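Visitor: What would the 3D arrangement of this be:
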Amino acid sequence: MRYATVCSGIGAPSVAWATLDWRPIFFSEIERFPCRLLAERFPQVPNHGDITKYKDWPDYAIDLLVGGTPCQSFSVSGKRQGLADRRGNLAMVYLAILGKYRPRWIIWENVLGVVSSNAGRDFSTFLSALAECGYHAAWRVLDARDYGLPQMRRRLFLVGYFGDWRPAAKVLFEPDNLQDTAALGEEAQEADAEAARGGSYSDFYRRLGRGYYKPDKVASTCMASANSADKSDIVLDCGRPRRLTPLEYERLMGYPDGWTDIAGASDTARYQAIGNSMAVNCVRWIGQRISEVEND
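Guide: Below is the predicted model of the structure:
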């Protein structure tokens, strides 16, 4: 499988699909720190930068396009200007890139607020434009804690397939693969985490930091900042409050230890890049499902 990523961030799909026989063809990222990280981690993969310049990009043969376009204009915590916002309108640029490369598969990720933005009209516009490109799609809300990560992070993932609705629906809604952590007992949750991370939840938190305390064993959503106004990443360490470290952010998102620890990287840049990323385990599951459907 030959894939490309736009709004590539710090390479969540490439980390997630490292065990699959899939190859990244190009990235598209403009933020300074993620660009440096991509260049260091994937020196052989070109980064074409600004997605609005896609018309100038070389022609490639790709099988899948994945991207999590900016979510700020759709978030319920923002001004909610939706597609009218320059950042929100990059979702439509993503569709224009589909028109250029015509991959079989697409994956698009965003916050839940995208569905209700502009009373639902923004998402309807996106789906209509997607259909005009020839793609049929299915979408589903995935929570990172249902896929082995002790973090409450609910995001909408849309999977599309060119010319046929059935492959996309099969990827996201295969009954034998659906999970509901709320219905799982403690023992099942421990087993799920162990399979995903190579250790139990309690082992995982010992790795996060000695004395780490979370009553429900699940962290709040990792944010793109770690400043004094951000209460989501406060933990108790030996009875004293402190912030999560960048290493702990990496682990909560499913990244290998030190993935963002490159030369000259500030903690602020690492927090922002990790918080803006996709949960690796969710992307891994989607990739595995696509692989299974392709080989069915």
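Visitor: Need the CA coordinates for stretch 52-66. PDB is fine.
Guide: Output of stretch 52-66 as PDB, limited to C-alpha atoms (Å, rounded to 0.1, in the frame of the first residue of the first chain):
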ATOM      1  CA  THR A  52      -2.800  24.800  -0.800                       C
ATOM      2  CA  LYS A  53       0.100  24.500  -3.200                       C
ATOM      3  CA  TYR A  54      -1.000  20.900  -4.200                       C
ATOM      4  CA  LYS A  55      -1.300  21.800  -7.900                       C
ATOM      5  CA  ASP A  56       2.400  22.200  -8.000                       C
ATOM      6  CA  TRP A  57       3.200  18.800  -6.500                       C
ATOM      7  CA  PRO A  58       4.500  16.000  -8.600                       C
ATOM      8  CA  ASP A  59       2.200  13.300  -9.900                       C
ATOM      9  CA  TYR A  60       2.200  10.200  -7.700                       C
ATOM     10  CA  ALA A  61       0.500   6.900  -7.800                       C
ATOM     11  CA  ILE A  62      -0.900   6.400  -4.300                       C
ATOM     12  CA  ASP A  63      -3.500   4.000  -2.800                       C
ATOM     13  CA  LEU A  64      -4.500   5.900   0.300                       C
ATOM     14  CA  LEU A  65      -4.600   9.500   1.400                       C
ATOM     15  CA  VAL A  66      -4.800  10.300   5.100                       C
END
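Visitor: in it, what counts as buried?
Guide: Neighbour counts over stretch 52-66 (16 or more other Cβ atoms under 10 Å) mark 54, 57, 62-66 as buried. Yep, even glycine has a C-beta here, placed from its N, CA and C like the rest.
Visitor: hmm, who's touching that stretch?
Guide: Outside stretch 52-66, the residues within contact range by Cβ atoms under 8 Å, 6 or more residues apart in numbering are 1-6, 13, 22, 25-26, 28, 48, 90, 93-94, 96-98, 100-101, 103-109, 283, 290.
Visitor: From those residues, which land in strands?
Guide: Mapping those onto strands (DSSP state E) picks out 2-6, 25-26, 105-109.
Visitor: low-scoring stretches of the chain, by residue?
Guide: 70-89, 174-239 (pLDDT under 70).
Visitor: would you turn the ones in strands among the contacts of stretch 52-66 into CSV with neighbour count and distance to Ser128?
Guide: What follows is the ones in strands among the contacts of stretch 52-66, written out as CSV (neighbours: other Cβ atoms under 10 Å; distance: Cβ to Cβ, whole Å):
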residue, neighbour count, distance to Ser128
Arg2, 14, 28
Tyr3, 23, 25
Ala4, 25, 24
Thr5, 26, 24
Val6, 23, 20
Ile25, 19, 28
Phe26, 19, 27
Trp105, 24, 20
Ile106, 23, 15
Ile107, 23, 19
Trp108, 25, 14
Glu109, 25, 19
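Visitor: So which residues of the protein form helices?
Guide: Taking DSSP state H as the test, the helices found in the chain are 12-16, 32-41, 90-101, 113-116, 121-132, 166-173, 186-197, 201-208, 246-253, 267-275, 280-294.
Visitor: for the first one, packing partners?
Guide: Right, the one you point to is helix 12-16. If you count contacts as 3 or more Cβ pairs under 8 Å, 6 or more residues apart in numbering; DSSP states H and E, helix 12-16 packs onto strand 2-6, helix 280-294.
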